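> Structure for the following, please:
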Amino acid sequence: MPPLERAVVKKLLERLRSRGGFWIKLHGSPFITAGLPDIIGCYRGRFIAFEVKRDEHGKPTRLQHFYLGRIRDAGGVASLIHTVEAAEATLDRIDEGQEVPPHQS
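As a prediction, the model looks like this:
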């Protein structure tokens with residue numbers, strides 16, 4: 001059975017923060033715009049957003065898909081991920097000076 005999404009998010013934030021940059025978890029509430037990605041951050045000058053699902057079968061809602069697209073259109077990197085390793089691959093590409101596709105899932 002795959003881990004709960006909150007467990008993936010917790011581990012992901014720990015790993016991202018250990019690599020530097022600025023990372024926050026957006027918690028759903030009446031004061032936050034619905035559909036925004038779970039984690040947003042800035043790493044080496046790049047705006048990055050991750051929508052986290054607990055496994056590869058998780059699909060974004062229409063609104064989540066819309067906001068991931070808006071972030072990409074603005075030049076940020078926005079990905080649907082379900083593992084810490086997927087997020088780290090994005091940071092690895094930035095560290096290596098490689099172009100990061102605006103969308104990786």
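> alpha carbons only for contacts and neighbour counts from here, please
Noted.
> which stretches of the protein aren't confidently modelled?
Residues of the chain meeting the criterion pLDDT under 70: 101-105.
> Can you tell me what sits against the longest strand seen in the chain?
Residue-count comparison of every strand in the chain, with assignments taken from DSSP state E, identifies strand 46-52 as the longest. When contacts are defined by Cα atoms under 8 Å, 6 or more residues apart in numbering, strand 46-52 is touched by residues 5, 8-9, 37-42, 60, 64, 68, 71, 76-82, 87.
> Kindly recompute the last result at 6 Å.
Residues outside strand 46-52 that contact it (Cα atoms under 6 Å, 6 or more residues apart in numbering) are 37-42, 76-82.
> and of those, the nearest to residue 28?
Nearest to residue 28 among the contacts of strand 46-52 is residue 38, at 8.7 Å by Cα to Cα.
> Let me know the distance separating the closest one from residue 8.
Using Cα to Cα, to the nearest Å, residue 38 is found at 11 Å from residue 8.
> Repeat that for residue 30.
For residue 30 relative to residue 8 (Cα to Cα), the value is 24 Å.
> Tell me which of the two has more neighbours.
residue 8 (19 against 7; other Cα atoms under 10 Å).
> Which strand or helix spans that one?
Element membership of residue 8 [criterion: DSSP states H and E] is helix 5-19.
> Buried residues of that helix, list them for me.
Within helix 5-19, the residues that qualify as buried by neighbour count (16 or more other Cα atoms under 10 Å) are 8-9, 12-13, 16.
> can you list the residues you listed in JSON lines and add distance to residue 91?
Shown next, in JSON lines, are those (distance: Cα to Cα, whole Å):
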{"residue": "8", "distance to residue 91": "17"}
{"residue": "9", "distance to residue 91": "16"}
{"residue": "12", "distance to residue 91": "12"}
{"residue": "13", "distance to residue 91": "13"}
{"residue": "16", "distance to residue 91": "9"}
